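>>> any chance you can model this:
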Amino acid sequence: MVKVAVVISFNPSYNFWFNLIDISQLHFLRHFSNKNIKRATAGFRIVANLSSGPVYRAKFQDGLMAMVKEVKTFPQGKAAFYKEVQLLGHLHHCHLVGLRGFSTGRERFLVFEYTERGSLKEHLTDPLKTPLTWKTRLLIVTGVAAALEYLYFFCNPPIYHVSINSSNVLLDENFNAKLSDVGLLGSRGNHIGKSHLLCSRECMDQECRNIIFQLGVLILELITGQPSEEDGTDLLVQWVQDSNFLRSMHKIVDPALGNTYDSIELRTLLIVARLCTKTDGNPKFSMQQILWYLQRKAD
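As a prediction, the model looks like this:
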């Protein structure tokens with residue numbers, strides 16, 4: 001059986017509160033040499049474009065298939081980089097792209113598991129790909145919500161730095177969603193590395209609102225087939241906030257779905273997207289409630 005993996009860049013600007021570690025403590029991850037990675041990426045063929053940048057196809061001499069992107073900078077130094085690798089290496093969830101290894105030296109790389117079918121965006125926009133079924137789309141958003149629940153409630157420190165869009169959702173051979181752009185708590189603020197107890201409620205609420213909003217936009221992407229990078233996304237968010245949005249809901253469905261979708265499920269998913277993308281006040285529900293609802297629909 002051919003082994004596969006993905007290498008994705010990581011370029012954070014975190015301040016760490018923990019004791020520094022060395023490379024010997026990363027024995028549970030594979031250590032790649034720069035030379036092997038460069039040889040494996042000969043030609044630099046782009047196979048995916050995440051929001052953090054392109055990733056490249058690689059083939060190692062031992063048969064390992066991968067996608068590679070260089071970590072351009074990491075000002076905190078090697079010890080901080082090793083700790084980052086250690087923390088990411090301990091994230092284990094079926095809907096997260098799992099870290100498998102890393103590379104250090106003049107250049108640094110992170111090595112993640114490979115996802116055979118590329119990004120969700122490709123499947124929504126490439127006319128040469130078979131359109132995703134309604135059931136598959138529902139399972140994809142359910143998988144993403146499950147990954148978010150894990151990051152928010154079951155990680156210590158909790159992970160709030162997540163970029164959720166069709167470019168960063170990767171699909172394996174069975175079309176299972178794998179969230180790829182994940183970082184540590186506080187990448188956008190100065191509350192880095194604090195636990196739930198130490199982080200201010202206001203800060204946690206704001207980060208949670210951002211995540212829930214992004215999930216709502218992803219639901220709209222899956223329904224319409226329109227990636228969030230397109231200018232029309234703001235219009236969709238405005239449309240779903242209109243009090244009469246349900247009257248025209250069939251007009252915004254991805255034409256590739258034809259009439260194969262469930263109208264009742266469409267209506268309820270749009271209501272979830274509407275609640276997620278409300279910008280006035282705090283969300284009236286938690287990520288766990290969203291996941292529970294989506295799981296019921298997926299089942």
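>>> give me the number of residues near residue 95?
20 (other C-beta atoms under 10 Å). To be clear about C-beta, it is placed using only N, CA and C from the backbone, and glycine gets the same treatment.
>>> pLDDT score assigned to it?
pLDDT for residue 95: 96.
>>> secondary structure element for the nearest residue to residue 241 once chain neighbours are set aside?
Once flanking residues are discounted, residue 241 sits nearest to residue 274: 6.4 Å by C-beta to C-beta, 6 or more residues apart in numbering. Per DSSP states H and E, residue 274 falls inside helix 263-276.
>>> run the chain-centre distance for that helix.
Between the centre of helix 263-276 and the centre of its host chain there is 22 Å, according to C-alpha atoms, centre = their mean, to the nearest Å.
>>> same check, this time on stretch 206-214
How far stretch 206-214 lies from its chain's middle: 14 Å, per C-alpha atoms, centre = their mean.
>>> may I see the buried residues of it?
Residues 207-214 are the ones in stretch 206-214 that count as buried (16 or more other C-beta atoms under 10 Å).
>>> quick one: contacts of it?
With C-beta atoms under 8 Å, 6 or more residues apart in numbering as the test, stretch 206-214 has contacts from 148, 152, 160, 162-165, 185, 276-277, 279, 282-283, 287, 290.
>>> determine the three-state secondary structure at residue 164.
Classification of residue 164 using DSSP: H, G, I helix; E, B strand; the rest coil returns coil.
>>> that one contacts residue 182, correct?
No. Using C-beta atoms under 8 Å, residue 164 makes no contact with residue 182, being 10.0 Å away.
>>> and these two? Which one has more around it.
Using other C-beta under 10 Å, the more surrounded residue of residue 164 and residue 182 is residue 164, with 27 against 24.
>>> which residue is the nearest non-sequential neighbour of that one?
Per C-beta to C-beta, 6+ apart, closest to residue 164 is residue 214, 3.8 Å.
>>> so is that neighbour in a helix, a strand, or just coil?
Per three-state DSSP, residue 214 ends up helix.
>>> likewise for residue 66?
strand.
>>> separation between it and residue 40?
7 Å (C-beta to C-beta, to the nearest Å).
>>> from the middle of its chain, how far away would stretch 166-174 be?
On C-alpha atoms, centre = their mean, the centre of stretch 166-174 falls 9 Å from that of its chain.
>>> give me the buried positions along that stretch.
Applying 16+ other C-beta under 10 Å to stretch 166-174 flags 166-172 as buried.
>>> walk me through the domains of this structure.
6-112, 120-298 (automatic domain parsing).
>>> low-confidence ranges, the stretch 101-250 of the chain, go.
For the stretch 101-250 of the chain, the stretches flagged by pLDDT under 70 are 183-204, 229-232.
>>> which residue ranges form the helices in it?
120-125, 134-153, 201-224, 232-241 (DSSP state H, counting those that start in this stretch).
>>> JSON lines for the ones you listed, including distance to residue 32?
Shown next, in JSON lines, are the helices of the stretch 101-250 of the chain (distance: least, C-beta to C-beta, whole Å):
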{"stretch": "helix 120-125", "distance to residue 32": "26"}
{"stretch": "helix 134-153", "distance to residue 32": "25"}
{"stretch": "helix 201-224", "distance to residue 32": "32"}
{"stretch": "helix 232-241", "distance to residue 32": "37"}
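>>> nearest approach to residue 82 belongs to which of these?
Nearest to residue 82 among the helices of the stretch 101-250 of the chain is helix 134-153 (21.4 Å), distances taken as C-beta to C-beta.
>>> list the helices and strands the helix or strand containing residue 86 packs on?
Assigned by DSSP H and E, residue 86 belongs to helix 78-89. Counting contacts by 3 or more C-beta pairs under 8 Å, 6 or more residues apart in numbering; DSSP states H and E, helix 78-89 is packed against strand 99-103, strand 108-112.
>>> among those, which is nearest residue 218?
That would be strand 108-112 among the helices and strands packed on helix 78-89, by C-beta to C-beta, at 20.3 Å.
>>> good, we can wrap up now.
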